[in-house]
Every structure is written in structure tokens, then in C-alpha cells.
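1. coords please:
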Amino acid sequence: MNSVLIPEIRFECPDKWEFLFYIRAFVSYEYVGIAKLSREGEKATLHDIIVVDIELPVFRFFTWPKVRHNHRGKGYGSKLLSAVDDNCTRFAIKVLEGEAAGDLSRLLPWYEDQGFEVLPGNVIRKTFNA
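-> Residues are numbered from 1 along each chain as shown. Next up is the predicted model:
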């Protein structure tokens, strides 16, 4: 049986949620992802959940080699979405909705595994008990 060690992940989010809300995820001091949400009453909208996959140039004696920072496939997205759930519960959100975009063959089953309903038009919805 293979096991994957997921390093400790730290989340930063505001103490209040009036309209917009961001949850940023870090491993050590490295930024690994973000979730962007808005709310209207007891309903929240998940606008984005992004796990970092970028190339950055690094200066090294007149050359600019690139270093790839890929945090996908390591469980950070699931942990980030779990933090979204925790904050929805904390702020008495009853319904969380969004629209899945990107690689739908991978994303829609992932959202279902996270407890979301997948509705027509790639809409995802999760209901919380108050």
C-alpha cells in the first residue's frame, strides 16, 4: 500500500465574511493555492479554487533558468476545499455553488468525491446543515 505524506498546510483567511472571501494556502512559506468566494445571505459562490502550477525565472549569473512550482496532485486542493467547507459552516452558509471549468473529466468526479452535486451546465452545489 502506497501512502503519500502531505506536508502541513496553513490557511489564511479573514475573520469576517461580508461579501468577498479568500482562503490562501501555504506549505512552509510557499504559496500553494487559493479559494475565492462571495456570499449573499446564506448562499455562497465558489468562484475559483486554484492550486499553483507555474514556472518562474531564477536569476543566476546572466542566465534565467526556470524553476517549476507544481503543487497539483498532492492533496492541496482537497485540503483547500475542506477549509472552504469549514468556513462555510463557521459563517452559517447553507448552500455553496459554483461552476466547474477546466478539465471537466477530472474536476467533476473530484467535486463529487468532495460531497458536491454536479448539476446541468457544470454547476456544482453543496448543502450544509445549519
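2. Would you mind pulling up the elements that the lengthiest helix in the chain packs against?
-> Of all the segments assigned as helix in the chain under DSSP state H, the longest by residue count is helix 76-90. Under the contact criterion of 3 or more CB pairs under 8 Å, 6 or more residues apart in numbering; DSSP states H and E, helix 76-90 touches strand 9-12, strand 20-27, strand 30-40, strand 43-51, strand 95-99. Glycine gets a C-beta too; all of them are placed from N, C-alpha and C.
3. could you dump those strands to CSV with mean pLDDT and distance to residue 121?
-> Putting the helices and strands packed on helix 76-90 into CSV (pLDDT from 0 to 100; distance: least, CB to CB, whole Å) gives the following:
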stretch, mean pLDDT, distance to residue 121
strand 9-12, 68, 30
strand 20-27, 82, 24
strand 30-40, 87, 19
strand 43-51, 91, 14
strand 95-99, 96, 7
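4. Output these in TSV, with mean neighbour count appended to each entry.
-> Shown next, in TSV, are those (neighbours: other CB atoms under 10 Å):
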stretch	mean neighbour count
strand 9-12	15
strand 20-27	17
strand 30-40	17
strand 43-51	17
strand 95-99	17
